[in-house]
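Sharing a model prediction with you, sequence too.
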Amino acid sequence: MAENPGSSTPEDLLAVAVRIAREAAGTARRMRAEAITDVQTKSTDTDVVTAADKAVERQVVEALRRERPGDGVLGEEYGDSTASTGAVRWILDPIDGTVNYLYGLPQYAVSLAAEVEGTVVAGVVHNAATGDEWTATAGGGAWRAGRRLHGSARTTLDQALVGTGFGYDPARRAHQGAVVAQLITRVRDIRRFGAASLDLCMAAEGSLDAYFEKGLNPWDHAAGGLVATEAGLRVSGLDGRPAGKDMLVAAPPAIFPALHDVLVELDAAGGP
Ligand code: IPD
Ligand code: CA
Ligand code: CA
């Protein structure tokens, strides 16, 4: 804020985010053929990073440095790449859904959010494979292609289509799998699409009734979490905790309590 006086309203920040995310998505798409031949692993053998994850992050960080030199940036691949002197911090997942990217599944996205004094105020999730784009500003609603989003109107958990995801650590996956094995008898069905940011946007538009996941990082949920919140969903952790590493649940108010209670009963936030 300090170095960009008068230009840090949520709407200003969203305009910057949308422009930069679109350019970044173009890079991810163009690079795919060569990028998937340059793949390294991170936390485990299944946690991959391609040349494109790094190139897209560098491109976004450089664009933000040019346009918003006083802001901080937290990116998945390079961490805190800019010393933050202002109040705005950008939170970036250059490619959310890298495994889908690797396999050519059209479910990977650039996720970019702007946080002001610790609160996410603007966010965009741009599916780089399809061009679909979801945006939100704090208090300004959630939108896709000019349509305001309101989440699912479903009211009971047993009729709910619930999205989730799994971490890369096998021990965590074992716990997550055990939770899902129990949950699947209590809901309509489970979906695992492979990109948390897009899962949150699908919950925002009602193509999933709800979503939950343990182990997410800020770059996975900053933008999509705002989109879901602005679509009227409750987005939080368990037992009144904020959404975070332990757990993120996103559900319409009518479904949230039942889903929350089942996740507590199944100790979904527990395990490694
Ligand atoms: C992953 C995806 C996945 C989720 C994992 C994330 P990445 O992000 O969002 O859907 O289940 O928890 O780590 O590695 O593709 O950026
Ligand atoms: Ca991610
Ligand atoms: Ca990523």
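Perfect, I can see it now. Numbering: from 1, shown residues only. Ligands and ions are numbered 1, 2, ... in the order given.

For beta bridges, what are the partners of the closest residue to ligand 2 within the stretch 1-150 of the chain?
Closest contact between the stretch 1-150 of the chain and ligand 2, by Cβ to the ion, is at D96 (3.9 Å). In this view, the C-beta of every residue, glycine as well, is placed from N, C-alpha and C. D96 forms beta bridges with A109, as assigned by DSSP bridges.

contacting residues around it?
Y108, A109, V110, S111, V125, A195, A196, S197, L198, W219, D220 (Cβ atoms under 8 Å, 6 or more residues apart in numbering).

go again using 10 Å as the cut-off
53, 76, 107-111, 125, 127-128, 194-200, 219-221, 223-224 (Cβ atoms under 10 Å, 6 or more residues apart in numbering).

Can you list which of these are found in strands?
The strands, defined by DSSP state E, take in A109, V110, S111, V125, N127 from these.

Wait, the third one touches A136, no?
Same thing as S111. No - applying Cβ atoms under 10 Å, one finds S111 not in contact with A136, separated by 11.9 Å.

Strands of the stretch 1-150 of the chain, start to end?
Secondary structure of the stretch 1-150 of the chain by DSSP state E, counting those that start in this stretch: the strands cover 39-41, 48-50, 72-75, 79-82, 88-96, 109-116, 119-127, 133-137, 141-144, 147-148.

Report whether the third one contacts ligand 3.
Spelled out, it's strand 72-75. No - on the criterion Cβ under 5 Å from the ion, strand 72-75 is out of touch with ligand 3, staying 9.2 Å away.

Parallel or antiparallel, list what pairs with that strand.
strand 79-82 (antiparallel), strand 88-96 (parallel).

quick one, which of the ones you listed is nearest to I36?
strand 88-96 (11.3 Å; Cβ to Cβ).

what stretches of the stretch 51-200 of the chain score poorly on pLDDT?
For the stretch 51-200 of the chain, the stretches flagged by pLDDT under 70 are 81-86.

Setting the sequence-adjacent residues aside, check what's closest to the residue of the stretch 151-272 of the chain found nearest ligand 1.
Distances between the stretch 151-272 of the chain and ligand 1 by Cβ to the nearest ligand atom are smallest at G165, namely 2.4 Å. Among residues not flanking G165 along the chain, E213 sits closest, at 4.5 Å (Cβ to Cβ, 6 or more residues apart in numbering).

G131 now?
Counting by Cβ to Cβ, 6+ apart, the residue nearest G131 is A25, at 7.6 Å.

Check A114 too.
L13 (3.9 Å).

what's near enough to touch the one you found?
4, 7, 68, 71, 88, 90, 112-116, 121-124, 137-138.

What subset of those residues is buried?
With neighbours counted by 16 or more other Cβ atoms under 10 Å, these contain buried members at 4, 68, 71, 88, 90, 112-116, 121-124, 137-138.

Out of those residues, which is nearest to A228?
Looking across the buried ones among the contacts of L13 and measuring by Cβ to Cβ, the closest to A228 is G123, at 10.0 Å.

what number of residues lie near the residue nearest to that closest one when sequence neighbours are not counted?
Closest residue to G123 apart from its sequence neighbours, by Cβ to Cβ, 6+ apart: A223 at 3.1 Å. When neighbours are counted by other Cβ atoms under 10 Å, A223 registers 33.

Over to P218?
If you count neighbours by other Cβ under 10 Å, P218 ends up with 19.

Can you give me the pLDDT of it?
Looking at P218, its pLDDT is 98.

Then the one 5 residues further on?
Listed pLDDT for A223 reads 99.

I figured it was touching V110, is that so?
Yes - contact criterion Cβ under 10 Å: A223 and V110 qualify, at 9.1 Å.

hey, what's in contact with both of the two?
Joint contacts of A223 and V110 (Cβ under 10 Å, 6+ apart) are A17, A21, L92, D93, D96, V124, V125, H126, S197.

Tell me the predicted confidence for the first one.
A17 carries a pLDDT value of 98.

contacting residues for it?
10, 60, 64, 90, 92, 110-114, 122-126, 135, 137, 223 are the contacts of A17 under Cβ under 10 Å, 6+ apart.

and if we set it to 7 Å?
Counting by Cβ atoms under 7 Å, 6 or more residues apart in numbering, A17 makes contact with L112, A114, A122, G123, V124.

Give me the distance between it and ligand 3.
17 Å (Cβ to the ion, to the nearest Å).
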